[in-house]
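Peer 1: Here's a sequence, model it:
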Amino acid sequence: MSSPQSPARESIPVTEYVQGTFIPLSHLAHDWEFHSAVSLTPAEERTMIREPVQAVPAAVAQRVGKLRVLIVPFIACLEAGDAVYRVKPAGETHTAAWVETVDSTTLLLAGRELDAHDTGFELLASVSELLRPRFTSLELERYTQVLEEELRQHILGEIDEDALTAKRALLSARHWRRNRGQFEGYRDISLVSTVAEYMHGLWHDVQIRVGPDHLPLAQLRHRLRLMAELFPPNPGFQLFAEDLEETSEK
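Peer 2: Numbering: from 1, shown residues only. Here you go, the predicted structure:
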């Protein structure tokens, strides 16, 4: 790992690391920028960064604003704060971390924690997290209505494990219908997961998971169509995959 502050240091606090000058910076879609402190093959760079960024709808990128993506070896979760490590640290690590300023956001991805595809998905998941506070009240209300309708239909599955855990916690609570704060916590987790999966489907064909823990196809399709309405796919990209539409119509 090279760093403009001190190449010999084994670890650097994230807040210090992002203040460095990273030259040269490659430019991505949406005028986002990219630098890697990890040696990547052209195929890894495409899968980790370039292809998933191209799948991010322009309307999402506009909301998120200027983004600088830095690939680092490892990100440690320490009591003093997150830190970039040259070698895998003991204890808890993160796959992503970011630092926001008034003008831009720097997103760090741990390039040695996951395979290239999963790192690419972490990029999309991070963009989804950054997008969440930038939703309008009307957009949040529309997604709230989607979830409320699913609950009325007794849909117990969710789009991923994090959202499923939050949903089960909500449903296990007494008088959960009266606890708006807990519902909104679940809604936010579900929303971030849904946006990430929407962009994941724009990136490449995604296998539809079935079973009691997963969303039924009709509900999945409804959510993705809402995301496509709010944040239309870029030219040349389709909503999720063609077989989703074909299967849902049978």
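
Peer 1: Run a quick neighbour tally on the nearest residue to Pro57 once chain neighbours are set aside.
Peer 2: Closest residue to Pro57 apart from its sequence neighbours, by Cβ to Cβ, 6 or more residues apart in numbering: Phe231 at 4.2 Å. C-betas here are computed from N, CA, C, even on glycine. Applying other Cβ atoms under 10 Å, we find 22 residues neighbouring Phe231.

Peer 1: quick one: Phe231 from Ile159, how far?
Peer 2: Distance of Phe231 to Ile159, given as Cβ to Cβ, to the nearest Å: 16 Å.

Peer 1: likewise Thr194?
Peer 2: Taking Cβ to Cβ, one finds Thr194 at 5 Å from Ile159.

Peer 1: and for these two, which residues touch both?
Peer 2: Shared contacts of Thr194 and Ile159, defined by Cβ atoms under 8 Å, 6 or more residues apart in numbering, comprise Arg223.

Peer 1: just the helices in the chain please.
Peer 2: Assignment of helices within the chain using DSSP state H yields the ranges 14-17, 42-45, 51-55, 58-64, 116-131, 137-152, 161-172, 180-203, 217-230, 242-249.

Peer 1: Ok, which of these comes nearest Val99?
Peer 2: In terms of Cβ to Cβ, the element of those nearest to Val99 is helix 14-17, at 6.2 Å.

Peer 1: which other helices and strands contact the closest one?
Peer 2: Contacts defined by 3 or more Cβ pairs under 8 Å, 6 or more residues apart in numbering; DSSP states H and E place helix 14-17 against strand 81-85, strand 96-100.

Peer 1: Tell me how the protein divides into domains.
Peer 2: Domain assignment for the chain, taken from automatic domain parsing, gives 11-134, 137-244.

Peer 1: would a markdown table of these with mean pLDDT be doable?
Peer 2: Shown next, in a markdown table, are these (pLDDT from 0 to 100):
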| stretch | mean pLDDT |
| --- | --- |
| domain 11-134 | 95 |
| domain 137-244 | 92 |
